[in-house]
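K.L.:
could you look at this predicted model? Sequence included:
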Amino acid sequence: MSKSESGNYEILKNFVAGGVGGAFCVAMGHPFDTVKVRLQTMPKLLPGARPLYAGALDCTRQ
């Protein structure tokens, strides 16, 4: 394998590693972000009304 081919292989390897790492990051972080956004965008409650979610775990279950 020539030096040029080796360099191309390294670039491809780094590109694939970055893609896999990015996909893993999104797959692990997206559910937490979804729960956070749902809790932050809950409507304001009228007096005596029950909240849509009781907390983060309840939001996750629903």
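P.N.:
The structure has been received and is ready for your questions.

K.L.:
please state the offset of the lengthiest helix in the chain from the chain centre?
P.N.:
Looking across the chain with DSSP state H, the single longest helix is helix 3-40. Computed by CA atoms, centre = their mean, to the nearest Å, the chain-centroid distance of helix 3-40 equals 11 Å.

K.L.:
what is that helix packed up against?
P.N.:
For helix 3-40, the packing partners by 3 or more CB pairs under 8 Å, 6 or more residues apart in numbering; DSSP states H and E come out as helix 56-61. Yep, even glycine has a C-beta here, placed from its N, CA and C like the rest.

K.L.:
any residues touching the helix it packs on, and which ones?
P.N.:
Under the contact criterion CB atoms under 8 Å, 6 or more residues apart in numbering, helix 56-61 has outside partners 31, 35, 38-39, 53.

K.L.:
go again with 7 Å.
P.N.:
35, 38-39, 53 (CB atoms under 7 Å, 6 or more residues apart in numbering).

K.L.:
neighbour count and pLDDT for these - can I get that in a markdown table?
P.N.:
Converted to a markdown table, the contacts of helix 56-61 look like this (neighbours: other CB atoms under 10 Å; pLDDT from 0 to 100):
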| residue | neighbour count | pLDDT |
| --- | --- | --- |
| 35 | 18 | 95 |
| 38 | 15 | 94 |
| 39 | 15 | 94 |
| 53 | 16 | 91 |
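
K.L.:
can you put those in a markdown table and add distance to residue 12?
P.N.:
Formatted as a markdown table, the contacts of helix 56-61 follow (distance: CB to CB, whole Å):
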| residue | distance to residue 12 |
| --- | --- |
| 35 | 36 |
| 38 | 39 |
| 39 | 41 |
| 53 | 45 |
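
K.L.:
so which of the residues you listed is the closest to residue 46?
P.N.:
Distance to residue 46 across the contacts of helix 56-61 (CB to CB) is lowest for residue 53, with 16.2 Å.
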